[in-house]
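Visitor: When you get a sec, could you give me coordinates for this:
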Amino acid sequence: GALGERMAEEEEAHEENLRLRRHLETLGAAAPEHDPEGYLAELEVFEALLRTRHPGKLEARVAEAPPALDLRGLQPPEPIVRIFAALERSPRAPLRAILPHEPVPLYALLRERGFSWRGAPRADGGFELVIERA
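Guide: Residues are numbered from 1 along each chain as shown. Below is the predicted model:
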């Protein structure tokens, strides 16, 4: 009946999520500078999977994703100064920042100023942070 169909749809969605996650992990671990053709091919497969799953929504999602502020290679406190300058320019927009490591001292400063964040280590050894108005 209807319950069986819904369970089958959920199982199919779960399998699709696992496939997408595997492709995303492959992309995250890849070194595009060593194998640009292989990386682009993997990226195209991932994009095709997203398009079949959410036709028309991919472009909107990509347009929504803020460009990353790459702060690797800067001496402290320059990364934090640049983060707050960017937040001041666009306080309502999410800010993506790539740092050389997890910026633990930044968290209290963000909290004090009414921002929330989420972050994760990157495959290249850096740390990616998304900061938003709380």
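Visitor: what about the residue nearest to Ala120 when sequence neighbours are not counted, how many neighbours?
Guide: Of all residues not flanking Ala120 in the chain, Glu128 sits nearest, at 6.0 Å (Cβ to Cβ, 6 or more residues apart in numbering). Every C-beta, even on glycine, is put in place using the N, C-alpha and C of the backbone. Number of residues near Glu128 (other Cβ atoms under 10 Å) recorded here: 17.
Visitor: pLDDT of the host helix or strand of Glu128, averaged?
Guide: Element membership of Glu128, judged by DSSP states H and E, is strand 127-133. Averaged across strand 127-133, pLDDT comes to 93.
Visitor: Could you do stretch 89-103 as well?
Guide: 92.
Visitor: Now do the buried residues in that stretch.
Guide: Of all the residues in stretch 89-103, those buried under the rule 16 or more other Cβ atoms under 10 Å are 95-99, 103.
Visitor: end to end, how far does that stretch reach?
Guide: The separation between the terminal residues of stretch 89-103, taken as Cα to Cα, to the nearest Å, is 21 Å.
Visitor: residues in contact with that stretch?
Guide: Residues from elsewhere that reach stretch 89-103 (Cβ atoms under 8 Å, 6 or more residues apart in numbering): 65-73, 79-80, 83, 86-87, 119, 121-122, 125-133.
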